[in-house]
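# Model the following, please.
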Amino acid sequence: MTEGAHRPASDLLEGVPVPMLAVDGRARTIGANRAAVALFGGSDLLNRPFVTILRHPGVVAAVDWVLDPDRHPAPMPDPSLPPPIEGVVRLGAVILADGRDIAADITVARLPSALGRGATVAVLDRSVAEEAEQMRRDFVANVSHELKTPLTAMIGFIETLRGPARDDARARDRFLDIMEREAARMNRLVSDLLSLSRVQAEERRRPLGQVDLPLLLRGVLATMDQGARAAGVAVETRGIAGSQRVPGDPDQLVQVFQNLIENALKYGGQGGYLGISMRRIDHEPLLRGPAWAVEIRDRGEGIEGMHLPRLTERFYRVDAHRSRAQGGTGLGLAIVKHIVNRHRGRLRIDSARGQGSAFTVILPESASRG
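I've put the predicted structure just below:
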């Protein structure tokens with residue numbers, strides 16, 4: 001079949017937003033839209049046996065049945081998909097495409113009679129939706145675990161106070177102190193969960209206000225100065241003395257810098273140094289314009305490179321025991337990431353074991369940028 005003979009089928013498919021192939025009565029490909037070319041790779045999909053493109057027995061059987069229902073058995077309907085209609089087969093399958101396995105909903109249907117005997121095969125990629133669902137399941141499991149641990153401890157202490165330690169004043173005071181800490185930990189977790197939910201709900205709405213960034217940083221430092229002194233950390237600042245307004249939500253940016261400074265004191269404070277600097281970037285390529293960078297640097301033990309890409313994941317901890325012991329919920333950097341995204345900014349993390357860490361927040365200078 002010539003390229004010109006394929007054009008009606010290709011024209012039919014091109015307006016379809018999902019990857020779609022058309023095959024003739026011999027199960028050879030006579031049409032493929034751009035989405036299919038991108039998914040299956042290469043531009044040589046035409047005139048090939050369909051089975052060499054999509055190697056899945058269930059899909060091949062569905063194509064055979066649609067092309068010749070008298071010679072081939074009808075495929076079993078997929079109970080997870082809508083009920084089949086005449087001449088159409090729907091099935092879920094894990095297929096190899098674009099060099100990877102993807103979960104997909106496949107729809108095989110007869111070609112319009114004007115185009116002769118043949119079939120169309122549409123591929124709806126479910127991978128993104130399934131990844132989102134897996135993330136939701138993981139999130140629920142993590143929240144359940146984070147809440148169950150202190151609750152289990154508190155229930156145990158209550159049972160002890162009602163039994164063996166009923167008349168032991170010293171044990172009672174010790175257990176009540178522990179219960180108070182566990183209750184405070186749960187309260188922090190719930191507060192961070194609510195904060196994360198609010199931030200994610202607002203992430204697509206750019207802040208409309210303006211913030212004096214150096215003034216905001218000086219205010220955050222003033223509230224945390226006592227904690228730095230108690231930790232024996234010397235604070236050095238650079239570039240935050242003047243005034244510079246940038247687009248932003250002041251409450252959320254306070255939350256960002258409080259979180260980053262608090263982390264530097266908790267996990268990098270053993271280095272005895274905390275540096276906070278602000279500088280202008282004439283042109284930030286990712287934001288396509290001028291920007292302001294605020295760096296929070298410590299001289300602590302640092303973080304191994306393998307952990308850096310995952311630090312902003314919810315509940316991800318480099319040292320889970322240490323984080324919990326110091327009151328961390330595992331949500332702080334996730335909140336920071338979503339707030340920075342809302343401001344159309346960037347969060348950069350640089351660290352190496354034994355060399356300290358630097359967390360840099362880059363914010364666009366103008367709302368018209370980024």
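
# Number of residues surrounding Arg137?
Number of residues near Arg137 (other CB atoms under 10 Å) recorded here: 10. Yep, even glycine has a C-beta here, placed from its N, CA and C like the rest.

# Tell me the secondary structure at it.
When classified by DSSP: H, G, I helix; E, B strand; the rest coil, Arg137 comes out as helix.

# quick one: it and His338, what's the gap?
For Arg137, the distance to His338 equals 20 Å [CB to CB, to the nearest Å].

# got it, and Arg198?
The value you get for Arg198 to His338, if CB to CB is used, is 10 Å.

# neighbour-wise, which of the two wins?
Using other CB under 10 Å, the more surrounded residue of Arg198 and His338 is His338, with 21 against 13.

# ok, now which ones touch that one?
Residues in contact with His338, defined by CB atoms under 8 Å, 6 or more residues apart in numbering, are 196, 199-200, 203.

# hey, where'd the helices end up in the chain?
Along the chain, counting by DSSP state H, helices occupy 3-14, 34-40, 57-67, 127-162, 169-202, 213-230, 250-268, 320-325, 332-342.

# Throw those into CSV and include distance to Gly116 and mean pLDDT, thanks.
Shown next, in CSV, are those (distance: least, CB to CB, whole Å; pLDDT from 0 to 100):
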stretch, distance to Gly116, mean pLDDT
helix 3-14, 9, 60
helix 34-40, 20, 86
helix 57-67, 11, 88
helix 127-162, 34, 81
helix 169-202, 51, 87
helix 213-230, 66, 92
helix 250-268, 60, 91
helix 320-325, 63, 56
helix 332-342, 51, 93
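
# So for Asn47, which of these sits nearest?
helix 3-14 (8.1 Å; CB to CB).

# Quick check: chain neighbours aside, which residue is closest to the residue positioned nearest the centre of the chain?
The chain has Glu313 as the residue nearest its centroid, 6.9 Å off, counting by CA atoms, centre = their mean. Closest residue in space to Glu313, ignoring its immediate chain neighbours: Ala334 at 6.6 Å, by CB to CB, 6 or more residues apart in numbering.

# Arg317 is in contact with the one you found, correct?
No. Counting by CB atoms under 8 Å, Ala334 sits too far from Arg317 to count as a contact (11.5 Å).

# Looking at those two, which is more packed in?
Neighbour count, other CB under 10 Å: between Ala334 and Arg317, Ala334 has more, with 21 against 17.

# Next up, the contacts around that one.
Going by CB under 8 Å, 6+ apart, the list of residues near Ala334 reads 196, 312-314.

# re the thing from before, may I see the helices of the chain arranged in a markdown table, with distance to Ala293 as well?
Compiled in a markdown table, those are given as follows (distance: least, CB to CB, whole Å):
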| stretch | distance to Ala293 |
| --- | --- |
| helix 3-14 | 45 |
| helix 34-40 | 36 |
| helix 57-67 | 51 |
| helix 127-162 | 30 |
| helix 169-202 | 21 |
| helix 213-230 | 10 |
| helix 250-268 | 13 |
| helix 320-325 | 27 |
| helix 332-342 | 12 |
